[in-house]
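Trainee: coordinates for the following, if possible.
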Amino acid sequence: MSNSNSKINSKITIMTRSFLSRFIAISLCLTVILSMSACGKKNSTNKTHSKPTKEAKYKYKEYANLSAEKIVEKLTLEQKASQMVMADCKKTNSDEVKREDYGAILSIPNSIYTRDDWVKSVDEFQKAAIESEAGIPIIYGN
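Mentor: Okay, here's the model as predicted:
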């Protein structure tokens, strides 16, 4: 009888291990699926990669009636970090400002820029900033 009991115990152990293995596998699959679905939820500020048209509605106009806290809530984590960047005007361009959602441009006064070049540069940076996905005008300073 002891041999019979050990066979039964062995079968129960195998069944328990099999059940636990399946349970763990299913649990891991569900965890991955739930995690992926949570990561896939899109914030209203996710990049659309569309070029603005003449009728484009700039986000800064929407932001005019919102508190700073509400504006920040609409930004992705990457956009929040990029808003803290103060890029050097000589080492960046308007395409990068638009792509990276920079929050500020640092300008070092020098004799390289004429007045007209400076105005053109600031205008290009500002246009790129308001057409970026974050849509927040830059701070331009020195």
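Trainee: how near is Ala81 to Tyr140?
Mentor: The spacing between Ala81 and Tyr140, counted by C-beta to C-beta, to the nearest Å, is 20 Å. Just so you know, the C-beta spots here come from the backbone N, C-alpha and C atoms, and that holds for glycine as well.
Trainee: with neighbour numbers in mind, choose between those two.
Mentor: More crowded of Ala81 and Tyr140, by other C-beta atoms under 10 Å: Tyr140, with 17 against 13.
Trainee: which helices and strands does the helix or strand that contains the more buried one pack with?
Mentor: Per DSSP states H and E: Tyr140 is located in strand 139-141. Judged by 3 or more C-beta pairs under 8 Å, 6 or more residues apart in numbering; DSSP states H and E, strand 139-141 is in contact with strand 104-106, helix 115-131.
Trainee: what's the following helix or strand after the helix or strand bottoming out on mean pLDDT in the chain?
Mentor: In the chain, the helix or strand scored least confidently by mean pLDDT, DSSP states H and E is helix 2-40, which has a mean of 64. With elements assigned by DSSP H and E, the helix or strand that comes after helix 2-40 is helix 59-63.
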